[in-house]
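1. give me coordinates for this.
(one chain, ligands or ions: 1)
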Amino acid sequence: MNEKLAVGISSGGLDSLLAIKVVQRMGFRVIAINFSIGFEQGHLKHWIDHPSSPLSPSKALLETGAEVEIMDIREEYFPLLANPPHGTGAHCNPCIDCHGMMLRIAGRRSDELGSKFVFTGEVLGQRPMSQNRQSLDVVARISGLGNRLVRPLSGALLPPSAPEQEGLISRGDLLDIQGRSRKRQIELAKEFSITDYPAPAGGCLLTDGNYCSRLKDLFLRRPGKILHRDDPLLLFVGRHLLLPGGAKAIIGRDERDNGVIERFAHLGFILEAVDFPGPTVLVEKPVSDADLMVAASVCAGYGKGRGEKRVTVRISDERVHSQKEVTPGIPEGTRLL
Ligand code: SF4
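-> Presented below is the predicted three-dimensional model:
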């Protein structure tokens, strides 16, 4: 067993980078696990541009000197997101259960590697839902790690962890950061020469109100709230419009969106204006003929032919290809999500 090996979970945000540096300063070799739950903005942007290439760690995370392992846990995570036992924060973010799951997996990896403890960059009192004292205790319990979980940034304010009791780490090496101020972290970043780090919150779209509305709508449409691996990507691109009959249209805002939307053609009908540049529109099935015609008008209304009286729109699915002449516009009874 390697006494000087520790496993940390890292989003790549400043707190987790600092936690790595603090644990390294104690003399530990660090394996940093960078999870992907499917809703990280950075990961989604990667999948837009490189659909089949693997994720890679951020430069800032690599620069810590930790060995980084990326774990895609979408399939394990989605059922938890549909029914999180400890509820959500302000939007769709089930932070307590999310941390609990990540740490449970990190604990398994720690056992495989023979590391002595698992750590995070959590800061006491920094986030109202997931980082108050009670939540930190809940996360430690549901992860199965109990007092083998170390929070190096706030550890001096918390009861002694098992590695402390065993003399592996000393209290004096742990920090006493708490609260929402970022001042201490910014000072520490300078001390550790960390200059290039992302904004707080790590870009998790589950904390974004608009994105959460789209996800809630998707859950309503899916029996059993079952998500597929690429659903988060489709929720991320384009404008999402509810049609009067209840179907949903996703309208590309630019070439990049259009390219992504085409990847989801198997979900329904793809609409494009024949004679004018403009958006690619996906209308998910099931859809009524009336909603499909509304979507055709919307498709024309967002394109370069919007000033014309009539525009021809091609409507295709795997079997049917048709063309309809429509009046461009955004008909009443539609609603943007
Ligand atoms: S912000 Fe997102 S990734 Fe972070 S703990 Fe909450 S749900 Fe998980």
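
2. on the three-state scheme, Arg229 is what?
-> coil (DSSP: H, G, I helix; E, B strand; the rest coil).

3. next one: Leu241
-> On the basis of three-state DSSP, Leu241 is classed as strand.

4. for it, which non-adjacent residue is spatially closest?
-> Using CB to CB, 6 or more residues apart in numbering and skipping residues adjacent in sequence, the residue nearest Leu241 is Ala249, 4.7 Å away. In this view, the C-beta of every residue, glycine as well, is placed from N, C-alpha and C.

5. which residues touch the one you found?
-> Ala249 makes contact with His240, Leu241, Leu243, Val281, Leu282, Val283, Ala295, Val298, according to CB atoms under 8 Å, 6 or more residues apart in numbering.

6. does the fifth one touch Ile270 like I think?
-> Yes - between Leu282 and Ile270 a contact is recorded at 6.0 Å, counting by CB atoms under 8 Å.

7. re earlier: name every strand pairing with the helix or strand where the residue nearest to Leu241 lies and say which way it goes.
-> Using DSSP states H and E, Ala249 sits in strand 248-251. Partner strands for strand 248-251, per DSSP bridges, with pairing direction: strand 239-242 (antiparallel), strand 281-284 (antiparallel).

8. what separates that strand from the chain centre, distance-wise?
-> Distance of strand 248-251 from its chain centroid, counting by CA atoms, centre = their mean, to the nearest Å, is 21 Å.

9. repeat for stretch 216-226
-> Worked out by CA atoms, centre = their mean, stretch 216-226 lies 18 Å from the chain centre.

10. for stretch 229-245, what is the distance to the chain centroid?
-> 16 Å.

11. now it: mean pLDDT?
-> Stretch 229-245 shows a mean pLDDT of 97.

12. send me that stretch as CSV with only the CA atoms.
-> Listed next in CSV are the C-alpha coordinates belonging to stretch 229-245 (Å, rounded to 0.1, in the frame of the first residue of the first chain):
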residue,chain,number,x,y,z
ARG,A,229,-26.3,10.0,-23.3
ASP,A,230,-26.6,12.8,-25.8
ASP,A,231,-29.7,14.5,-24.4
PRO,A,232,-27.7,17.2,-22.5
LEU,A,233,-26.1,18.2,-25.8
LEU,A,234,-29.4,18.7,-27.6
LEU,A,235,-30.7,20.7,-24.6
PHE,A,236,-27.6,22.9,-24.9
VAL,A,237,-27.9,24.0,-28.6
GLY,A,238,-30.4,26.2,-30.4
ARG,A,239,-33.6,27.8,-29.5
HIS,A,240,-36.2,25.5,-28.0
LEU,A,241,-39.8,26.4,-28.9
LEU,A,242,-43.0,24.7,-27.6
LEU,A,243,-45.5,24.5,-30.4
PRO,A,244,-49.3,25.1,-29.9
GLY,A,245,-50.1,21.4,-30.0
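
13. circling back to that earlier point, any idea what the residue nearest to Leu241 is bridged to?
-> Beta-bridge partners, per DSSP bridges, of Ala249: Leu241, Val283.

14. on that earlier part again, can you tell me which of the strands paired with strand 248-251 is most buried?
-> Mean neighbour count (mean count of other CB atoms under 10 Å) peaks for strand 281-284 among these, with a mean of 25.

15. next, count neighbours for Gln323.
-> 11 (other CB atoms under 10 Å).

16. make that Pro331, sorry
-> There are 15 residues near Pro331, going by other CB under 10 Å.

17. do the same with Thr195
-> 9.

18. give me the distance between it and Asp72.
-> 29 Å (CB to CB, to the nearest Å).

19. how far off centre is the helix or strand harbouring Val23?
-> Using DSSP H and E, Val23 maps to helix 14-25. Distance of helix 14-25 from its chain centroid, counting by CA atoms, centre = their mean, is 22 Å.

20. from here on, count from 440
-> OK, 440 is where the count begins now, so the last one is helix 453-464.

21. does that helix come close to the ligand?
-> No - if you take CB under 6 Å from any ligand atom as the test, helix 453-464 misses the ligand, and the best it gets is 10.4 Å.

22. that'll do, ta.
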